[in-house]
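**Student:** For reference, the sequence and a predicted model appear below.
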Amino acid sequence: MITIPLEPDSDQPMYIQIYEYIKNEILTGRLSCPERLPSARSLAAYLQVSRSTVDTAYEQLVAEGYVDAKEKRGYFVNSITHTQKFTVSGHTEMVPDKTKKETVPVLYDFNPDAIDTAHFPYSVWKSIGKNQLDNPINFLAGDSLGIPELRQSICDYLHGSRGVNCTPENMIVGAGLDYLLQLLCVLFQRKAVIALEDPGYRSARQILTSNGYQILDIPLKGKAFDVDMLRQSNADVCYVTPSHQFPLGSVMSIARRQKLLSWAHEKENRYIIEDDHDSEFRYKGKPIPALQSLDKGYKVIYIGTFSKAISPAIRMGYMVLPPALMARYRTLCATYACPVPRISQAILNDFIQGGYFEKHLNRMRKQYKGKHDYMLEQIRLHFPSGLIELSGDNAGLYIIIRYLGPLSAEEIEKRAEKNGIRLRPLHGYYANLPADYLPSYLLGFADLSMEQIADGITCLAEKVFLPHDSYLS
């Protein structure tokens, strides 16, 4: 007979206590195959519980495969001794690693991908959302390219702000840049060799590589895409960020844009992917027109998202395809459903049509310019001349500092971590680090308050870059 230490006052039901005990006996090998368990009647009498309690415990053991019920013969332990190899080891529980250092809390996170969420018009978005929830049509599937009204609104916005030539018929709404790149991978059918900027957007590289594409990393020349090197390669497609190179922040000149378009027009199946990731935020001079606006031969694939302009959480982007690729999309991807919920599309459409999107952009452009200028002011105030170089300013949501002092990158990052500062090294965006590379960092400012910017830059200067005798002497 099995003696089971039942606890009548426990919150755990009796049948669970019986089940757990027998299961543990089987797992530890104290009950092994083909041992026969006591009958439900005899075990109930022995434990002084109801027959139904034991029946329920046995039924659970049978259901999970620990026990086999044989008609008119009883219950027998199954052969599961192989599980002991995984459950019995030198350590039966997780032991804390006492040698591991405690993580210092992050006080200042200079995240270049962050946005300011404090100034978003939540009440407007909520009101629009409430109205759209009352519309039954939003609970239907909708157009696979995205609802026509939203595509028209995006077309109007892009033509007015970026000079993009598009119609709702050659636009696709999708769940962010990653999804849109996956669609392009389907359209190119692994026949293309794709050239990428180096440094550049690493996530795009990972998506293309994981889909089986051959990648060519083209080093930048004068902080812009090297079209001459592209010509010498066997690339069919190039991926560029011409209006605000990511991550260096430079702008591709009109001459180089024309050379790039000329390269694309030389062969039938050559294309340019233009990633216009944060074109909304320029703080000096006129807005830079999109490369696509110069394209008269339908060679540019234009991609943008609302991640920076509104929020990455809405997971919404758009892609303008040349006619030949749009025809291929309708052939290869005709059954693909739009991954963005129809109600989210309807809310965004009303947000744009009501003028709220433009107001929000104007407000955020002013907010970001204030933070951008203040960070530059604090850097120049706290860093001595000759210690760093600044670049990537006057646009986007981050500034790049290039360190010219004697500290190594490892020393800088160790000191930053020790003082609760999270940095994003520029070297993480390179496929091939250049020989003249010096420690450089992307300092994001979007989600920091003015006080956090001032305190963070002060801490960065005094605790990370400045305290070393070799420089101060």
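**Tutor:** Here it is on my side, so go on. Numbers count the residues shown, from 1 in each chain.

**Student:** Could you use CA atoms for every contact and neighbour count after this?
**Tutor:** OK.

**Student:** Low-confidence regions, the chain specifically.
**Tutor:** The chain contains residues with pLDDT under 70 at 81-102, 393, 467-473.

**Student:** Just give me the longest helix of it.
**Tutor:** Secondary structure of the chain per DSSP state H: the longest helix is helix 356-382.

**Student:** residue contacts, residue 395?
**Tutor:** Residues in contact with residue 395 (C-alpha atoms under 8 Å, 6 or more residues apart in numbering) are 244, 249, 281, 282, 283, 284.

**Student:** Over to it: give its phi and psi.
**Tutor:** Dihedral pair for residue 395: phi -160, psi 160, per degrees, to the nearest 10.

**Student:** Show me what it is bridged to.
**Tutor:** Beta-bridge pairing of residue 395 under DSSP bridges involves residue 282.

**Student:** The longest helix of the chain - contacts with which helices or strands?
**Tutor:** Counting contacts by 3 or more C-alpha pairs under 8 Å, 6 or more residues apart in numbering; DSSP states H and E, helix 356-382 packs against helix 450-459.

**Student:** Just the buried ones among the contacts of residue 395, please.
**Tutor:** Those of these that meet the buried threshold are 244, 249, 281, 282, 283, by 16 or more other C-alpha atoms under 10 Å.

**Student:** With adjacent residues omitted, what lies nearest to the second one?
**Tutor:** On the basis of C-alpha to C-alpha, 6 or more residues apart in numbering, the spatially nearest residue to residue 249 that is not a chain neighbour turns out to be residue 392, at 4.2 Å.

**Student:** what's around the one you found, how many residues?
**Tutor:** Residue 392 is flanked by 20 other residues according to other C-alpha atoms under 10 Å.

**Student:** Can you tell me how far it is from residue 170?
**Tutor:** Between residue 392 and residue 170 the distance is 33 Å, computed by C-alpha to C-alpha, to the nearest Å.

**Student:** Which strand residues bridge residue 240?
**Tutor:** Beta-bridge partners, per DSSP bridges, of residue 240: residue 274.

**Student:** so it touches residue 225, yeah?
**Tutor:** Yes: using C-alpha atoms under 8 Å, residue 240 is in contact with residue 225, at 7.4 Å.

**Student:** which neighbours do these two share?
**Tutor:** By C-alpha under 8 Å, 6+ apart, the residues touching both residue 240 and residue 225 are residue 197.

**Student:** More neighbours: which of the two?
**Tutor:** residue 225 (29 against 23).

**Student:** any idea how far residue 394 is from the more buried one?
**Tutor:** On the measure of C-alpha to C-alpha, residue 225 and residue 394 end up 20 Å apart.

**Student:** Over to residue 61?
**Tutor:** Distance from residue 61 to residue 394, by C-alpha to C-alpha: 67 Å.

**Student:** which of these two has more neighbours?
**Tutor:** residue 61 (21 against 17).

**Student:** Tell me the secondary structure at that one.
**Tutor:** helix (DSSP: H, G, I helix; E, B strand; the rest coil).

**Student:** is it true that it touches residue 20?
**Tutor:** No: between residue 61 and residue 20 no contact is recorded; they are 9.0 Å apart, counting by C-alpha under 8 Å.

**Student:** Just give me the neighbour total for residue 42.
**Tutor:** 13.

**Student:** One more: residue 46?
**Tutor:** Neighbours of residue 46 using other C-alpha under 10 Å come to 14.

**Student:** ok so it is a helix residue?
**Tutor:** Yes: counting by three-state DSSP, residue 46 is found in a helix.

**Student:** who touches the residue nearest to residue 249 in this structure?
**Tutor:** Taking C-alpha under 8 Å, 6+ apart as the test, what residue 392 contacts is 248, 249, 250, 398, 399, 400.

**Student:** Show me the strands in the stretch 1-150 of the chain, by range?
**Tutor:** Applying DSSP state E, counting those that start in this stretch to the stretch 1-150 of the chain gives strands spanning 67-70, 74-77, 108-109.

**Student:** same thing with the stretch 301-450 of the chain?
**Tutor:** 317-320, 388-391, 398-403, 421-422, 424-425, 440-444.
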